[in-house]
Structures are given as C-alpha cells and as structure tokens.
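Chemist: Everything below, folded, please.
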Amino acid sequence: MNAHINRDLPVALVTACRELGLDLGEGSAEHADFERVNALLARVETRVKGSYLTGWTARVDRLVHRLRIDDVVAMWDVGRARDAAWTNAQALWALGDEPPLAGDYLLALDRMVGLSSRGLLIPADSWLLRLGRALSR
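Modeler: The predicted structure is shown next:
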C-alpha cells in the first residue's frame, strides 16, 4: 500500500485531473471524495492485518493497539499517507509546466517511498517476538 499510495496515487491524481479537467484544490468536491475513501481503506487494512496475527501475537496486538503503539512502531497511517499523496499531487500539478523539475521531483519521491518501504519491511513486531520469547522462558 505504501508504494501505491505515496508514489502511484499522486501521479494518477494528476493524470486523471488533467484528462478530466478537474481541480486538485483542498476544498474541491474531488478532494472530499478522495477523503471518503480513507475510512474504507483503514477498515480493510485493519481486517487484513488481523488475519496475519494469530496466537499470542494476536493477544499482544490487541493490547498494544489500544495504546496505538503498533501503528507508531509501524510508521504507517493510511489517512496520513493519502494526505501526503494529495499534497504530492498538488506539487506535481504545479510543476507541470517545468518538465525537468517535475522529473526530479518524481525521482526524489521514488527515493523517499523506497526508504519508507524498506522501513516498513523491517518487522515492526520484532520487539513483540522478543518479548514473547522472553515471557515463554
């Protein structure tokens, strides 16, 4: 989800808005529609995440989720990621008349998405696994 939201979505937004003659403004009807999707994605993400947790990790996750520790450790929030995607789309829109700069911006965005993706791939629950092993001794 990280790469699709943070890299692909801004490009798709700009492409679609240009082709359809739509506005990327914060108060636009398109922005309101865009934000309505956040709740749906958050629910689906929670369901999928829950399907990967079993046994003692599921019990620990329920505990830390109440404190929001798991999402802080995972560095991920779908709503915030989509907010950033909208902002990046606005920046790309503004750079539309400056092709070399727009290309440089996309390259920098690629690198930032790669960095954050590598961070997300490091098991966020590794500290939970260590705790579980320590408790089971």
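
Chemist: which residue is nearest the centroid of the chain?
Modeler: Centre of the chain computed as the mean C-alpha position; nearest residue by Cα atoms, centre = their mean is A81, 3.7 Å away.

Chemist: Backbone dihedrals for A102, please?
Modeler: Backbone dihedrals for A102, given as degrees, to the nearest 10, come out at phi -60, psi -40.

Chemist: now G25
Modeler: Torsion angles, degrees, to the nearest 10, at G25: phi -70, psi 150.

Chemist: For it, grab the count of nearby residues.
Modeler: By the other Cβ atoms under 10 Å criterion, the neighbourhood of G25 contains 11 residues. C-beta coordinates here come from the backbone N, C-alpha and C atoms, glycine included.

Chemist: And for the residue nearest to the centre of the chain, nearest residue in space, chain neighbours not counted?
Modeler: Leaving aside its chain neighbours, A81 sits nearest to I5 (4.6 Å; criterion: Cβ to Cβ, 6 or more residues apart in numbering).

Chemist: next structured bit after the least confident helix or strand in the chain by mean pLDDT?
Modeler: Here the helix or strand of the chain ranked lowest by mean pLDDT, DSSP states H and E is helix 69-74, holding a mean of 48. The helix or strand immediately downstream of helix 69-74 is helix 78-94, counting by DSSP states H and E.

Chemist: Buried residues of that next one, list them for me.
Modeler: By neighbour count on 16 or more other Cβ atoms under 10 Å, the buried set for helix 78-94 is 78, 81-82, 84-86, 88-90, 92-93.

Chemist: other SSEs contacting that helix?
Modeler: helix 9-20, helix 29-52, helix 99-121 (3 or more Cβ pairs under 8 Å, 6 or more residues apart in numbering; DSSP states H and E).

Chemist: tilt between that helix and helix 99-121?
Modeler: 170 degrees (axes from the mean of the first three to the mean of the last three Cα atoms, to 10 degrees).

Chemist: Restricting the selection to alpha carbons, write helix 78-94 to CSV.
Modeler: The C-alpha coordinates for helix 78-94 follow below in CSV (Å, rounded to 0.1, in the frame of the first residue of the first chain):
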residue,chain,number,x,y,z
VAL,A,78,-3.4,5.2,5.7
GLY,A,79,-5.1,8.6,6.2
ARG,A,80,-1.8,10.4,6.6
ALA,A,81,-0.3,8.7,3.7
ARG,A,82,-3.2,9.7,1.5
ASP,A,83,-3.0,13.3,2.7
ALA,A,84,0.7,13.3,1.7
ALA,A,85,-0.3,11.8,-1.7
TRP,A,86,-2.8,14.6,-2.3
THR,A,87,-0.1,17.2,-1.4
ASN,A,88,2.4,15.5,-3.7
ALA,A,89,-0.2,15.5,-6.5
GLN,A,90,-0.7,19.2,-5.9
ALA,A,91,3.1,19.8,-6.1
LEU,A,92,3.3,17.7,-9.3
TRP,A,93,0.4,19.7,-10.7
ALA,A,94,2.2,22.9,-10.0
